[in-house]
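Asks: dropping the sequence and predicted coords here.
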2 protein chains.
Amino acid sequence: MSGYRYPVDDVRFCLEHIANIERIAAHFPNYSYDFLDPILSEAAKFSEQRLAPTNRDGDKNWPTLSNLSVQETIGFKEAYQDLCEAGWTTLSASEEYGGQGLPRALEVAVNEGVQSANLAFSLCPLLTQGAIDAIETHANDALKQTYLPKMISGEWTGTMNLTEPSAGSDLSAIKTKAVKEEDHYRVFGQKIFITWGDHQMTDNIIHLVLARLPDAPEGVKGISLFLVPKFVLDSDGNPDQRNDVFPISLEHKLGIHGSPTCVMQFGDNEGAVGYLVGEENKGLAAMFTMMNNARQSVGLQGLAIAERAYQMALEYAFERKQGSRRGSKDKTAIAYHGDVGRMLWQMSSILSAMRAFMYTASVESDLKQVDKTHQQRTDLYTPIVKGWMTELAQEITSLSVQVHGGMGFIEETGIAQMLRDARILPIYEGTNGIQALDLVGRKLVGDNGVAMIALLKEIRSDLSNISSQEAALFAPHLEHLENATNLLLQQHLVPEKAAYDYLMLSGYVIGGWLMLRGNQSDKKPQSWGNKTSFYLANILPRAAMHYAAMHSFKTKSDTDTETYNVDLLK
Amino acid sequence: MSGYRYPVDDVRFCLEHIANIERIAAHFPNYSYDFLDPILSEAAKFSEQRLAPTNRDGDKNWPTLSNLSVQETIGFKEAYQDLCEAGWTTLSASEEYGGQGLPRALEVAVNEGVQSANLAFSLCPLLTQGAIDAIETHANDALKQTYLPKMISGEWTGTMNLTEPSAGSDLSAIKTKAVKEEDHYRVFGQKIFITWGDHQMTDNIIHLVLARLPDAPEGVKGISLFLVPKFVLDSDGNPDQRNDVFPISLEHKLGIHGSPTCVMQFGDNEGAVGYLVGEENKGLAAMFTMMNNARQSVGLQGLAIAERAYQMALEYAFERKQGSRRGSKDKTAIAYHGDVGRMLWQMSSILSAMRAFMYTASVESDLKQVDKTHQQRTDLYTPIVKGWMTELAQEITSLSVQVHGGMGFIEETGIAQMLRDARILPIYEGTNGIQALDLVGRKLVGDNGVAMIALLKEIRSDLSNISSQEAALFAPHLEHLENATNLLLQQHLVPEKAAYDYLMLSGYVIGGWLMLRGNQSDKKPQSWGNKTSFYLANILPRAAMHYAAMHSFKTKSDTDTETYNVDLLK
């Protein structure tokens, strides 16, 4: 395949005409409308030309561990240096620490390209971004001054250390300890699944680590957050003494091979020097700061990898000749066979809905400091962005393999990597089951439905702008979401069982709404109208399906307590 | 995980009480009801104890090629010898050539275990079975006498050589040549994707090869079938001279690593000695004999791998403790979390429907020589069995990974292999797009709807036996299938675009019908009733979704010719 093309027109259209990025201009003095074009075209150049060619290297040449040190895939270090030199790590960061103070939505646009180009690589700057957010929001000034500038410039990277063998989705079970010693702490314990936990691309790595103080309360209320540098700094702020934190093992994974996933050992010797971020026992709040942005980013990863997989399928479908079209004897490109065409339309219309949602959510996120409404809307969107988009990434990468036929199963073709890489997305940063619970528990019921009902009203009022034909296709599904929302708020459904279908239903309806919004613009890209009508007729019926499926989980019937008892399956 | 358990009760129930295997007794004099138990329990023992432990070996220790010779995974040869010694290869084969003359449905039951235990390994006897079928049905007596006994005993294996670089789904493009020479032919050309094309498990391999005679008509009407042994036999029928057919390359695949997928070179030297099977230029018919059985077998592979993946997920979900249940502080197995329970029920109820359909189709296939009705029903079922079941295998293996959380992404856990192995199933033996076209083109429209309408009538008449509550859930979806059938027969839908959704719609409705049939039996296994109600309420709404999606492909509207033109996506 000739390579990845950054979908600059689609991104720009979604930002401008669906998400209305101009709404945020007043809140970001550094931002000007003129920035959009140069940033997108530079992002295109960097992701297409510099980064995309490194993707297969990472898949084939895995990171290695020796002498408690990880060597990343050869070539990644230079790509990382170029990423930093281009200033991509500083885009949305605070000016106070050397950032450019631009909207996060622009960063999302750049990251779409970076993640499409090389997902495994992109996790390193992404995790660093999460660490920056947590430090900026929760750490004291001294820590900020010491660490943020070099993390923002990309000179140092960051990691998130949450998971332990017995503490995955349930962080209350964390056992890693921290003991106070003078102006710092000593951290002891083991963390697993630490993405980019070690590498040679930078001369320091800043680990953020959840741990428990000796006298801490049980459960999540006894967790504190610590900053643990790979190298403790000297008095000038330069990396000096090797800290007592080491990678002791690398995972052998289904995908994202280029991303070293480490088991990290803290304090096997004298204890790892760590600094408290925020208050004692308030670590979980700080971690959520990191996670909420990270969750939207994982949704973006779903979009990014699906986009690249789709491009590969599209190109293959127009290159591969097999059979002939009805009424002709000439060999035809397989794209013209009805079922292949069906798959291509399915992928492309879903992708457009995903992108419309992604950029709408990212602009909303930039407005969240403006007022509570935007904060609530962002909170509501986050689990849907993460869950819905990463589920669809499974479908699109799998369809892309299918379009390749037998060649799709051959690793050298490259499309199988997309499927393997994508499979982590519904799992990490909170499984999609956790996202669904977050949506129904915290964001819907916990909010008394305020944010969701406001969204539903906005969607319904937009219905008056669209043609009656479109409305006839869309309105029944909006009604399903309205009804499902009421059923959950009125506790007619078992929330934790119906949550997944509710998340998917929400995603499909929001996607359709935003496709329709785009369809009203006279700036819409070629075929947006066709993709919208395909989405309404062919994809949106899934909303009805999820709505129907939720009804199998009614409360207060014998059904719930008896029929679907898992013990029956043993 | 403690290992695979052959689901003997479920298999037996489906054979006896859903597929009504007793219907075939009259046609198989060698078959007696008493055979069922010992065969199933021996199949359980062999697959669980002998074969299942070899599965990871094949995934990790790939076959290797050197000196134009393939060395299969170490340990597979002994497993293969044990398979043959147990007589599993002879079950349904004709007594005349050393077989046991038992119904194919019993063999399907045995193969479910073999395929669950080690899918990559199982392809070798499976392809041999296909070759046996083609030889038995189409070859002359001399070839049958010479080759069948040793293929049936398993002393020699068989392969199917169809695909060439430019001839995949479109076999009319085959370029491999055959030239007559005395009593045999010389074959020249290259075939790709040849499963178990070479190995050291047996002292001969019988390749069935599609090739073109010098004066053959163009297209599929000019293709002939040849038997090309790896070793040409001496006058006593023993392997003698090495024939001019060699594996020249092995594919590096996403899954089924233990199955050597070869590029086979025929006639690089003097030409490979081959013998004509059937008549000149009638090779495609012979190949279809192999393919039709193979297609049902691939559907079975979908069931088999989904069953094993589900068992792994179920076991993990009851072992892994994380979080606590509502109103409790104790750690709980994750199976008791609502969303994990949802996934387990989803998998198990779909699996029951798949198994009900699989054994019903296999018994039907055993009856096809009895009268044309059974032949037509079998022809109708085949693409649905292949397509629907292999699509669902993607879902179930992926859900099984999801239940494992982060561990699911780690190769050592073993569940990722199931996902990788399963991904070939919608591709080989005719992609699912090809299956859908076969269903709508040949089996529905080409048949004037006779077989499908007969099936719909049978399903509708069975409706009178079920409760009104069940009927209320099921009937609307049956109606969707009836309507969709009419829409296609009346050419209101573009067949090649609507075909995939029609195939899936058919599968879900047939699955529901057979679940309900099982539900009427007082011999039903524990939880069959619950699985049926789950299927009706939670899974069957997908039928409505596929029915709705088909409507996006109406004919005689601008929609088809303009809106969904793939050129718009370029």
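Replies: Ah, there it is.
Asks: and residue A:262, that's in a strand?
Replies: Yes - the assignment for residue A:262 (DSSP: H, G, I helix; E, B strand; the rest coil) places it in a strand.
Asks: run a quick neighbour tally on it.
Replies: 26 (other CB atoms under 10 Å in any protein chain shown). For every residue, glycine as well, the C-beta is placed using N, CA and C.
Asks: how near is it to chain B?
Replies: Look at residue A:262 and chain B: by CB to the nearest CB, to the nearest Å, they are 13 Å apart.
Asks: host element of the most centrally placed residue in chain A?
Replies: Taking CA atoms, centre = their mean as the criterion, residue A:298 is the residue nearest the geometric centre of chain A, at 1.1 Å. Using DSSP states H and E, residue A:298 maps to helix A:283-319.
Asks: so which bits of the next helix or strand after that helix are buried?
Replies: Once the chain leaves helix A:283-319, the next helix or strand it forms, by DSSP H and E, is strand A:321-324. Within strand A:321-324, the residues scored as buried using 16 or more other CB atoms under 10 Å in any protein chain shown are A:322, A:323, A:324.
Asks: contacting residues for the residue lying closest to residue A:536 once chain neighbours are set aside?
Replies: Once flanking residues are discounted, residue A:536 sits nearest to residue A:473: 4.1 Å by CB to CB, 6 or more residues apart in numbering or on different chains. The neighbours of residue A:473, taking CB atoms under 8 Å, 6 or more residues apart in numbering or on different chains as the test, are A:536, A:537, A:540.
Asks: doesn't residue A:473 belong to a strand?
Replies: No - read with three-state DSSP, residue A:473 is helix and lies in no strand.
Asks: next, see if the longest strand seen in chain A gets close to chain B.
Replies: Ordering each strand of chain A by length in residues (DSSP state E) puts strand A:184-195 first. Yes - applying CB under 8 Å from any CB of the partner chain, one finds strand A:184-195 in contact with chain B at A:192, A:193.
Asks: can you tell me the strand partners of that strand and which way each runs?
Replies: strand A:177-181 (antiparallel), strand A:261-266 (antiparallel), strand A:272-277 (antiparallel) (DSSP bridges).
Asks: pick the most deeply packed of those.
Replies: Comparing these by mean neighbour count (mean count of other CB atoms under 10 Å in any protein chain shown), strand A:272-277 ranks first with a mean of 25.
Asks: what residues sit buried inside stretch A:213-222?
Replies: Here stretch A:213-222 shows A:213, A:216, A:220, A:222 as buried, counting by 16+ other CB under 10 Å.
Asks: check stretch A:95-102 too.
Replies: For stretch A:95-102, burial by neighbour count (16+ other CB under 10 Å) applies to A:97, A:99, A:100, A:102.
Asks: measure residue A:435 to chain B for me?
Replies: 10 Å.
Asks: and that residue, what does it touch?
Replies: Applying CB under 8 Å, 6+ apart, the residues contacting residue A:435 are A:295, A:383, A:384, A:386, A:387, A:503.
Asks: make it 7 Å
Replies: A:383, A:386, A:387, A:503 (CB atoms under 7 Å, 6 or more residues apart in numbering or on different chains).
Asks: need the buried residues of stretch A:95-102 in JSON lines with pLDDT and distance to residue B:445, can you?
Replies: Putting these into JSON lines (pLDDT from 0 to 100; distance: CB to CB, whole Å) gives the following:
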{"residue": "A:97", "pLDDT": "97", "distance to residue B:445": "68"}
{"residue": "A:99", "pLDDT": "96", "distance to residue B:445": "63"}
{"residue": "A:100", "pLDDT": "95", "distance to residue B:445": "61"}
{"residue": "A:102", "pLDDT": "95", "distance to residue B:445": "58"}
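Asks: just the closest of the residues you listed to residue A:131, please.
Replies: Proximity of the buried residues of stretch A:95-102 to residue A:131 (CB to CB) peaks at residue A:97, which lies at 12.9 Å.
Asks: I figured that closest one hits residue A:146, correct?
Replies: No - using CB atoms under 7 Å, residue A:97 is not in contact with residue A:146; the gap is 10.4 Å.
Asks: returning to what we had before: can you pick out the most distant pair from the buried residues of stretch A:213-222?
Replies: A:213 and A:220 (13.7 Å).
Asks: for the stretch 1-150 of chain A, which segments are assigned as strands?
Replies: A:64-66, A:69-71 (DSSP state E, counting those that start in this stretch).
Asks: parallel or antiparallel, list what pairs with the last one.
Replies: Taking DSSP bridges as the criterion, strand A:69-71 sits next to strand A:64-66 (antiparallel) in its sheet.
Asks: so what touches the partner strand?
Replies: Contacts of strand A:64-66 (CB under 7 Å, 6+ apart): A:71, A:247, A:249, A:250.
Asks: so among those, which ones count as buried?
Replies: A:71, A:247, A:250.
Asks: skipping adjacent residues, who's closest to the first one in space?
Replies: Looking back up the chat, that one is residue A:71. Closest to residue A:71 by CB to CB, 6+ apart is residue A:64, at 5.1 Å.
Asks: quick check: the one you found vs residue B:324, distance?
Replies: Separation of residue A:64 from residue B:324 (CB to CB, to the nearest Å) stands at 40 Å.
Asks: what do you get for residue A:507?
Replies: 29 Å.
Asks: again, but for residue A:347
Replies: Residue A:347 is 41 Å from residue B:324, by CB to CB.
Asks: report the contact partners of residue A:474.
Replies: A:512, A:516, A:536, A:540.
Asks: go with 6 Å
Replies: residue A:512 (CB atoms under 6 Å, 6 or more residues apart in numbering or on different chains).
Asks: show the pLDDT at the nearest residue to residue A:512 once chain neighbours are set aside.
Replies: Computed as CB to CB, 6+ apart, the closest residue to residue A:512 that is not its neighbour in sequence is residue A:540, at 5.1 Å. Looking at residue A:540, its pLDDT is 98.
Asks: quick one: neighbours of residue A:540, just the number.
Replies: 27.
Asks: ok, residue A:452 next?
Replies: 26.
Asks: how close does it sit to residue A:368?
Replies: Residue A:452 is 17 Å from residue A:368, by CB to CB.
Asks: so the residue in the stretch 401-550 of chain A that chain B sits nearest to is in which element?
Replies: Taking CB to the nearest CB, chain B has its nearest neighbour within the stretch 401-550 of chain A at residue A:496, 2.9 Å off. Using DSSP H and E, residue A:496 sits in helix A:495-519.
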